[in-house]
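**Student:** here is a sequence with its predicted model. Questions after.
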Amino acid sequence: MNNKVIFNQGLTFDDVLLLPDYSDFSRTEIDLSSQLTRHIKLKLPLVSAPMDTVTESLLAISLGKLGGIGIIHRNLMIADQVNEIQKVKQQKLTVGAAIGASRDNTDRIKALAEAKTDVIVVDSAHGYAKNVIDTIRFIKKNYPNIDVIGGNVATYEGAKALIKAGVDGLRVGMGPGAICTTRVISGMGVPQITALIETCRAGAMAKIPVMADGGIKFSGDIVKALAAGAATVMMGNFFASAQEAPGQILELTAQEVPSRFKSIVNTNQKYYKFKSYRGMGSVGAMQKGVSVKSEDEFHGKNYQDRVLVAEGVEGLVPIKGSVKSLVDQAIGGIKSGLYYVGAKTIEELQKKAKFMQITQASLTESHPHDILITNPGMNYQ
């Protein structure tokens, strides 16, 4: 056991709070622009996840118009993924596309390049792997004008390896997502605040932006991710509940809806509207990947294997509103966070931010308590 290193506690969003500092400006003066990649700058640090129940052209267009970016998922035939990209480009917006780390994805990469895709995301649960590194190198060698985001990684060493391979951006997160079961199925993972601090050390030295992927429950978590070093934040669950998300709509009766969701949806209607939401490592998503040949391997399992071992679940999320309404609430919370720290920009936030580790009692105190909530507000759900 002498070679088994036990690190200090890994920390995630609920384990920390940011300390407030002096402010001498108003929230209207705050600038949330940030680098997605080495060459792409966004007006807002928000990215929708490349999941087949989250991002297709409709949502990517809505988010792009607001200043963020959507990443079109890869569970599509090549022609269909290209078509989704073209719909966004027709609106003169920035858009990304996800690809797998497959040995046979050269046709998909070529088609996406010809469609003027702005950024390609090499989409893998384990980015610190030879097939991911080889895919990054292939794209940068053959299509040097397309920015590449590599991931997912969660350690300093993983980040350094992808930077060496030539990435223009890093995607960070191993198991923090609401639909992800990687940590409990495989035993692997790094709590997200710790993962961000470690990978951002590598990113900062090479001036490669880091994107925090997963684990966001409230706008305060976005602020914490940015303060820990992330330049942008990718979200799946958040956008899956938007009207523009491609997930199937289901109507549930009051008896079928857990009480915690009833304050979110319209109680004046007979049925509650939900949308399907699933991890890309769920059985359903992997089976879809088989049908469209989007990748020949996922989570280390070959699609020809008899059993697909899932590292994600499938479920439902309540429809909360349009992308604009959701983003407006998130931006309000992010600006409040920067204001409390005394930072006008994300870069200034990262310089000034000071984290404090908290106890479970502190977390309980942080949420509303000793009250029967009658209206939680749109941003506390």
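**Tutor:** Noted; the coordinates are in hand.

**Student:** send the alpha carbons of stretch 130-147 over as PDB?
**Tutor:** Output of stretch 130-147 as PDB, limited to C-alpha atoms (Å, rounded to 0.1, in the frame of the first residue of the first chain):
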ATOM      1  CA  LYS A 130      -4.700   7.400 -26.300                       C
ATOM      2  CA  ASN A 131      -7.700   7.400 -28.600                       C
ATOM      3  CA  VAL A 132      -8.700  10.900 -27.500                       C
ATOM      4  CA  ILE A 133      -5.100  12.200 -27.800                       C
ATOM      5  CA  ASP A 134      -4.800  10.600 -31.300                       C
ATOM      6  CA  THR A 135      -8.100  12.200 -32.400                       C
ATOM      7  CA  ILE A 136      -7.000  15.600 -31.200                       C
ATOM      8  CA  ARG A 137      -3.700  15.300 -33.000                       C
ATOM      9  CA  PHE A 138      -5.500  14.200 -36.200                       C
ATOM     10  CA  ILE A 139      -7.900  17.200 -36.200                       C
ATOM     11  CA  LYS A 140      -5.100  19.700 -35.500                       C
ATOM     12  CA  LYS A 141      -2.900  18.300 -38.200                       C
ATOM     13  CA  ASN A 142      -5.500  18.100 -40.900                       C
ATOM     14  CA  TYR A 143      -7.900  20.900 -39.900                       C
ATOM     15  CA  PRO A 144      -5.700  23.500 -38.200                       C
ATOM     16  CA  ASN A 145      -8.300  26.300 -38.500                       C
ATOM     17  CA  ILE A 146     -10.800  24.500 -36.400                       C
ATOM     18  CA  ASP A 147     -10.500  24.800 -32.600                       C
END
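
**Student:** and that stretch, how far out from the chain middle?
**Tutor:** Distance of stretch 130-147 from the chain centroid (Cα atoms, centre = their mean, to the nearest Å) equals 21 Å.

**Student:** shift numbering so it begins at 446
**Tutor:** Got it, the first residue is 446 from now on, which makes the last one we talked about stretch 575-592.

**Student:** mean confidence for that stretch?
**Tutor:** Averaging pLDDT along stretch 575-592 gives 96.

**Student:** so where is the stretch 646-795 of the chain shaky, pLDDT-wise?
**Tutor:** Within the stretch 646-795 of the chain, the stretches with pLDDT under 70 are 704-714, 724-755, 757.

**Student:** ranges for the helices of it?
**Tutor:** Secondary structure of the stretch 646-795 of the chain, counting by DSSP state H, counting those that start in this stretch: helices at 664-672, 682-685, 728-737, 768-786, 791-797.

**Student:** which other residues reach the last one?
**Tutor:** Defining contact as Cβ atoms under 8 Å, 6 or more residues apart in numbering, one finds that helix 791-797 is touched by 466, 477-479, 490, 668, 671-672, 674, 676, 782-783, 786-788. In short, each C-beta sits where N, CA and C put it, glycine included.

**Student:** so can I have JSON lines of the helices of the stretch 646-795 of the chain showing distance to V564?
**Tutor:** Shown next, in JSON lines, are these (distance: least, Cβ to Cβ, whole Å):
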{"stretch": "helix 664-672", "distance to V564": "19"}
{"stretch": "helix 682-685", "distance to V564": "17"}
{"stretch": "helix 728-737", "distance to V564": "21"}
{"stretch": "helix 768-786", "distance to V564": "19"}
{"stretch": "helix 791-797", "distance to V564": "19"}
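
**Student:** quick one: which of those helices is nearest I653?
**Tutor:** Proximity to I653 (Cβ to Cβ) singles out helix 791-797 among the helices of the stretch 646-795 of the chain, at 14.5 Å.

**Student:** my guess is A690 meets V499, correct?
**Tutor:** Yes - when contacts are counted by Cβ atoms under 8 Å, A690 is listed as touching V499 (5.7 Å).

**Student:** common neighbours of those two, please.
**Tutor:** F684.

**Student:** neighbour-wise, which of the two wins?
**Tutor:** Taking neighbours as other Cβ atoms under 10 Å, A690 and V499 compare with V499 leading, 31 against 27.

**Student:** so what's the more buried one up against?
**Tutor:** Neighbours of V499 in contact, by Cβ under 8 Å, 6+ apart: 493, 518, 681, 684-685, 690-692, 722.

**Student:** tabulate those residues (CSV), appending distance to I653.
**Tutor:** Below are the contacts of V499 laid out as CSV (distance: Cβ to Cβ, whole Å):
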residue, distance to I653
S493, 21
H518, 24
G681, 23
F684, 25
A685, 28
A690, 29
P691, 31
G692, 32
Y722, 30
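
**Student:** now, the residues you listed that are in strands?
**Tutor:** Residues of the contacts of V499 located in strands (DSSP state E): 493, 722.

**Student:** show me just the buried residues among the contacts of V499.
**Tutor:** Buried members of the contacts of V499, scored by 16 or more other Cβ atoms under 10 Å, are 493, 518, 681, 684-685, 690-692, 722.

**Student:** pull out the buried residues from stretch 566-584.
**Tutor:** 566-574, 576-578, 580-581, 583-584.

**Student:** let's see which of those end up in helices.
**Tutor:** Within those, residues falling in helices by DSSP state H are 576-578, 580-581, 583-584.

**Student:** now, among those, which is nearest to S807?
**Tutor:** Nearest to S807 among those: V577, at 38.1 Å, using Cβ to Cβ.
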